[in-house]
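Peer 1: Predicted model follows, preceded by the sequence.
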Amino acid sequence: MQQSTFFVVVHAEIHYRLPGWYGETLTVEVTVPDVTPTSFTFVHVLREKVSGRVVVMSSARLAAMDVNSKVKRMDKTLVGAMQFPPQSS
């Protein structure tokens, strides 16, 4: 029997810092600062590309659940991949 994992948002925050204007290019930086065996947090920073000014800061905590809506441990490979330092491009 296949065991499925679903991710549900258990907490989210968003802070609108400055307006983004039509025609501007925004960049999105995503980090994963906190990982546990059953959950992780994404942090997002949206910046205006030319000036670098921060337009939006947000975070979302997701928990792993099984098909019965019970908290589930994530695969160790997935947890390890999220803890690996980001690669520069």
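Peer 2: Here it is on my side, so go on. As the structure is a computational prediction, the values presented were derived from the model and not from experiment.
Peer 1: Centroid-nearest residue for the chain?
Peer 2: Centroid-nearest residue in the chain: Phe42, 2.2 Å away (criterion: Cα atoms, centre = their mean).
Peer 1: who does the helix or strand hosting Ala12 pair up with?
Peer 2: Using DSSP states H and E, Ala12 sits within strand 6-16. According to DSSP bridges, strand 6-16 forms sheet pairs with strand 54-65 (antiparallel).
Peer 1: Could you count how many residues lie near the residue nearest to Arg47 when sequence neighbours are not counted?
Peer 2: Distances taken as Cβ to Cβ, 6 or more residues apart in numbering put Thr27 closest to Arg47, at 5.1 Å, once the chain neighbours are dropped. Where C-beta positions appear, they are placed from N, C-alpha and C, glycine not excepted. Neighbour count of Thr27, defined by other Cβ atoms under 10 Å: 11.
Peer 1: Renumber starting at 50 from here on
Peer 2: Understood, numbering begins at 50; the last thing we discussed is Thr76.
Peer 1: and Thr76, what is it in contact with?
Peer 2: Thr76 makes contact with Leu95, Arg96, Lys98 under the criterion Cβ atoms under 8 Å, 6 or more residues apart in numbering.
Peer 1: so where's the chain shaky on pLDDT?
Peer 2: Within the chain, the stretches with pLDDT under 70 are 50-51, 133-138.
Peer 1: can you pull out the helices in it?
Peer 2: Secondary structure of the chain (DSSP state H): helices located at 125-132.
Peer 1: what phi and what psi does the backbone show at Pro68?
Peer 2: With angles defined as degrees, to the nearest 10, Pro68 sits at phi -70, psi 150.
Peer 1: That one reaches Arg102, doesn't it?
Peer 2: No: under the criterion of Cβ atoms under 8 Å, Pro68 is not in contact with Arg102, lying 10.0 Å apart.
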